[in-house]
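Visitor: Predicted coordinates and the sequence they were generated for:
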Amino acid sequence: MKKNVSKYVLLSSILLTALPAFADDAAVGGTSIGTGLKLIGAGLAIGLAVVGAGQGQGHAAKGAIESIGRNPQVYSKVFTLFLLAMALIEFQAILGLIISFIILSK
């Protein structure tokens, strides 16, 4: 795990130090570094929201399946709460999409 984190930190530092090198080319084309940073921010907003939603849905599904497997009589109660949890978790991903659109619109 520590190796992966250090790889991501190294990769992100290389990419962020390369941004000023591309600033002159972007200014000639009519876009600025701020536009690029907005795109990165929007990508991170939707990306992190989707990753969090995916992990949450997986954890909720695991818990629901385990509880139904241990006690099949509580299927209707668990399934109702499971669907409610899935809707709330999915709203998190939709909210990330809305935030990324707000970032891009400014």
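Guide: Perfect, I can see it now.
Visitor: Thr31 sits in which helix or strand?
Guide: For Thr31, there is no host helix or strand (DSSP states H and E).
Visitor: Same question for the one 4 residues further on.
Guide: Per DSSP H and E: Thr35 is located in helix 33-70.
Visitor: what is the orientation angle of the next helix or strand after that helix with helix 33-70?
Guide: For helix 33-70, the following helix or strand on the C-terminal side (DSSP H and E) is helix 75-105. Orientation check (axes from the mean of the first three to the mean of the last three CA atoms, to 10 degrees): helix 75-105 against helix 33-70 gives 180 degrees.
Visitor: Could you list every helix and strand in contact with helix 75-105?
Guide: For helix 75-105, the elements it packs on are helix 33-70, judged by 3 or more CB pairs under 8 Å, 6 or more residues apart in numbering; DSSP states H and E. (Each C-beta comes from the backbone N, C-alpha and C, glycine too.)
Visitor: what comes up buried for the helix it packs on?
Guide: Lys38, Ala42, Ala45, Ile46, Ala49, Ala53, Gly56, Gln57, Ala60, Ala64, Ser67, Ile68 (16 or more other CB atoms under 10 Å).
Visitor: Report the mean per-residue pLDDT for it.
Guide: Helix 33-70 shows an average pLDDT of 92 in the prediction.
Visitor: starting at the chain centroid, how far to that helix?
Guide: Its chain's average C-alpha position is 5 Å from that of helix 33-70, according to CA atoms, centre = their mean, to the nearest Å.
Visitor: If I look at Ala27, what pLDDT would I see?
Guide: pLDDT recorded at Ala27 is 52.
Visitor: what does stretch 41-58 rub up against?
Guide: The contact list for stretch 41-58 (CB atoms under 8 Å, 6 or more residues apart in numbering) reads 86, 89-90, 92-93, 95-97, 99-101, 103-104.
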